[in-house]
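Chemist: Curious how this folds, go ahead:
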Amino acid sequence: MDNKKSFALGLATGVLCMIIAVFGLAMYDRQVRWGGQLDPNRKITEIYNLLNEVSMFPFEKDVMLESMYRGFLDGVGDPYTQYFDRAALEAFTERAEGEYVGIGVLVLEDPETMTLTIAQTFSGSPAAGAGLLPGDKIRQVDGIDVVARPMAEIMNMIRGTEGTAVSLSIFRPYENESFDVNVVRARITVPSVFHEMMQGQIGYIRIEGFDEATRTQFSSALADLIDQGMDGLVLDLRNNPGGGLGVVAHIANYFVPEGVVAYTIDANGFREDLESGPDYLGLPLVVLINGRSASASELLSGAIQDTGVGVLVGEQTFGKGIVQHVRRLSDNSAIKVTVAKYFTPNGTSIHGVGVAPNIEVEMDEALARRIGHLPLEEDIQLSRALEVMAAMVR
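Modeler: As a prediction, the model looks like this:
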């Protein structure tokens with residue numbers, strides 16, 4: 001009997017030890033997986049319960065959670081990795097398709113000051129009518145400080161119902177001037193391509209962004225210039241902040257011989273080539289670039305330079321050589337995450353460096369912000385490009 005009791009006691013003790021061991025390992029595993037810190041789900045619950053008990057300020061759990069998601073991605077340390085709530089994702093998608101309700105600007109996020117900066121105002125847009133210019137920095141929207149906030153969140157605040165006004169606080173660095181302006185929102189069909197035939201049968205196309213609508217706008221512009229009998233083309237990518245790689249590939253088909261336009265390498269070392277097709281025109285080509293030519297516009301200008309099919313005129317480009325993808329989450333929110341670095345055909349990474357012009361022509365900052373709205377005699381970069389082209393088509 002004593003032996004049976006001893007056996008039962010030993011068995012119970014063993015089972016208890018096993019339970020403790022398994023539970024301890026599970027807790028240890030959880031601690032290890034989160035760097036030795038408290039399980040985040042449990043920590044969030046503790047914080048929420050404490051706030052419910054003692055906070056003097058009312059709060060909404062959903063608002064706090066949305067802020068937490070944004071902050072979680074801020075920890076990546078990449079200004080281009082961002083969280084989109086449903087409204088921000090819808091606005092982002094509309095913008096990529098080339099039509100939305102807003103004020104009519106292209107923007108870049110300055111990674112040094114974390115301030116949203118206007119790269120271009122669309123001709124005839126509410127922003128242009130209100131006197132906003134490339135280089136203007138948006139510091140407040142409707143009285144709310146937006147410095148260091150994610151770009152998607154700020155643009156969502158700027159957009160709204162057609163016919164309503166948004167108040168912006170602007171800093172203009174090159175004049176060291178701050179001012180407030182009210183801009184009335186309107187439905188914007190993004191005019192990303194502008195063209196004309198210039199003296200000496202030299203065609204001119206300016207691309208202000210690579211949205212989906214750019215495909216048809218560019219094809220129409222190019223066809224019109226070809227029908228007019230152009231002998232050479234000046235392609236203006238100044239102040240172009242970039243856009244979709246697929247759109248760039250479509251345009252590169254006409255300017256880069258069949259082959260690799262660029263390639264990307266992701267975090268796992270996988271390489272993917274972006275290739276041009278058989279539509280190469282072989283036209284004499286001059287490309288205008290400057291310090292606000294970024295991302296996809298750098299990819300195109302780098303491919304043209306590497307393959308030797310054109311001459312780059314202007315100033316060093318911005319230096320954004322990384323690729324972002326939007327990944328939808330199960331609740332129809334999304335994250336935009338940097339997934340790869342891209343390289344020019346010769347294997348050059350331009351991230352943080354940019355593309356250097358073949359012929360450097362510096363332009364006064366105040367004039368550079370008005371590209372597309374300058375008379376030819378003031379646009380010294382375009383004038384130089386036309387001189388280079390004239391010598392090529394003689």
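
Chemist: domain assignment for this structure?
Modeler: Per automatic domain parsing, the domain ranges recorded for the chain read 20-51, 82-189, 193-392.

Chemist: To K61, which of these lies closest?
Modeler: domain 20-51 (6.8 Å; Cβ to Cβ). Placement of C-beta: from N, CA and C, glycine included.

Chemist: which residues in the stretch 101-250 of the chain form helices?
Modeler: Applying DSSP state H, counting those that start in this stretch to the stretch 101-250 of the chain gives helices spanning 126-129, 151-158, 212-227, 245-255.

Chemist: Give me the angle between the longest one and helix 245-255.
Modeler: Spelled out, that is helix 212-227. 10 degrees (axes from the mean of the first three to the mean of the last three Cα atoms, to 10 degrees).

Chemist: among the domains of the chain, which gets the worst mean confidence?
Modeler: Of all these, mean pLDDT reaches its minimum on domain 20-51 (a mean of 64).

Chemist: is it true that I371 touches L237?
Modeler: No - between I371 and L237 there is no contact under Cβ atoms under 8 Å: 10.4 Å.

Chemist: which residues do these two both contact?
Modeler: Residues touching both I371 and L237 by Cβ atoms under 8 Å, 6 or more residues apart in numbering: none at all.

Chemist: Looking at these two now, which is surrounded by more residues?
Modeler: Legend: neighbour count by other Cβ atoms under 10 Å for I371 and L237, higher for L237 (28 against 22).

Chemist: V248 versus that one, what's the distance?
Modeler: According to Cβ to Cβ, to the nearest Å, L237 stands 10 Å off from V248.

Chemist: and for the two, which residues touch both?
Modeler: With Cβ under 8 Å, 6+ apart, L237 and V248 have common neighbours L300.

Chemist: ok so, going back, okay if I get the domains of the chain as CSV plus distance to Y69?
Modeler: Below are the domains of the chain laid out as CSV (distance: least, Cβ to Cβ, whole Å):
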stretch, distance to Y69
domain 20-51, 12
domain 82-189, 5
domain 193-392, 8
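
Chemist: and E66, which of those is closest to it?
Modeler: Closest among the domains of the chain, using Cβ to Cβ: domain 82-189, at 5.6 Å.

Chemist: and the angle from the top strand by length along the chain to helix 151-158?
Modeler: Assignment by DSSP state E gives strand 334-343 as the longest strand of the chain. Strand 334-343 and helix 151-158 are oriented at 130 degrees to each other (the same axes, to 10 degrees).

Chemist: sorry, back to before: indicate which one of the domains of the chain is closest to R70.
Modeler: Of the domains of the chain, nearest to R70 by Cβ to Cβ is domain 82-189, at 4.7 Å.

Chemist: gap between that closest one and the chain center?
Modeler: 14 Å (Cα atoms, centre = their mean, to the nearest Å).

Chemist: Equivalent analysis for stretch 260-272, please.
Modeler: 19 Å.

Chemist: can you check stretch 318-327 too?
Modeler: That offset, for stretch 318-327, works out to 6 Å (Cα atoms, centre = their mean).

Chemist: same check, this time on stretch 251-258
Modeler: With Cα atoms, centre = their mean, you get 23 Å for stretch 251-258.

Chemist: Enumerate the positions of it that are buried.
Modeler: I251, A252, N253, Y254, F255, V256 (16 or more other Cβ atoms under 10 Å).

Chemist: can I assume the second one is in contact with A303?
Modeler: This means A252. Yes - using Cβ under 8 Å, A252 is in contact with A303, at 6.0 Å.

Chemist: Could you tell me the angle between the strand or helix carrying E66 and helix 151-158?
Modeler: For E66, the host element (DSSP states H and E) is helix 61-74. With the same axes, to 10 degrees as the basis, helix 61-74 and helix 151-158 are set at 140 degrees to each other.

Chemist: CA-only coordinates of helix 61-74 in PDB, if you can.
Modeler: Extracted C-alpha coordinates of helix 61-74, given in PDB (Å, rounded to 0.1, in the frame of the first residue of the first chain):
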ATOM      1  CA  LYS A  61      -9.800  52.800 -28.400                       C
ATOM      2  CA  ASP A  62     -10.100  52.600 -32.200                       C
ATOM      3  CA  VAL A  63      -8.200  55.900 -32.600                       C
ATOM      4  CA  MET A  64      -5.500  54.700 -30.200                       C
ATOM      5  CA  LEU A  65      -5.100  51.400 -32.200                       C
ATOM      6  CA  GLU A  66      -4.800  53.200 -35.500                       C
ATOM      7  CA  SER A  67      -2.100  55.400 -33.900                       C
ATOM      8  CA  MET A  68      -0.400  52.400 -32.600                       C
ATOM      9  CA  TYR A  69      -0.200  50.700 -36.000                       C
ATOM     10  CA  ARG A  70       1.400  53.900 -37.500                       C
ATOM     11  CA  GLY A  71       3.800  54.000 -34.600                       C
ATOM     12  CA  PHE A  72       4.700  50.400 -34.900                       C
ATOM     13  CA  LEU A  73       5.800  50.900 -38.500                       C
ATOM     14  CA  ASP A  74       7.700  54.100 -37.500                       C
END
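
Chemist: Mind giving me the packing neighbours of it?
Modeler: Helices and strands touching helix 61-74, as assessed by 3 or more Cβ pairs under 8 Å, 6 or more residues apart in numbering; DSSP states H and E, comprise helix 40-54, strand 82-84.

Chemist: Show the average pLDDT along it.
Modeler: Rounded mean pLDDT across helix 61-74 is 88.

Chemist: List the buried residues for that helix?
Modeler: E66, R70, L73.

Chemist: What of stretch 106-117?
Modeler: Buried-residue list, stretch 106-117, by 16+ other Cβ under 10 Å: L106, V107, L108, E109, T115, L116, T117.

Chemist: Next, the distance between the ends of that stretch.
Modeler: Terminal residues of stretch 106-117 are spaced 9 Å apart (Cα to Cα, to the nearest Å).
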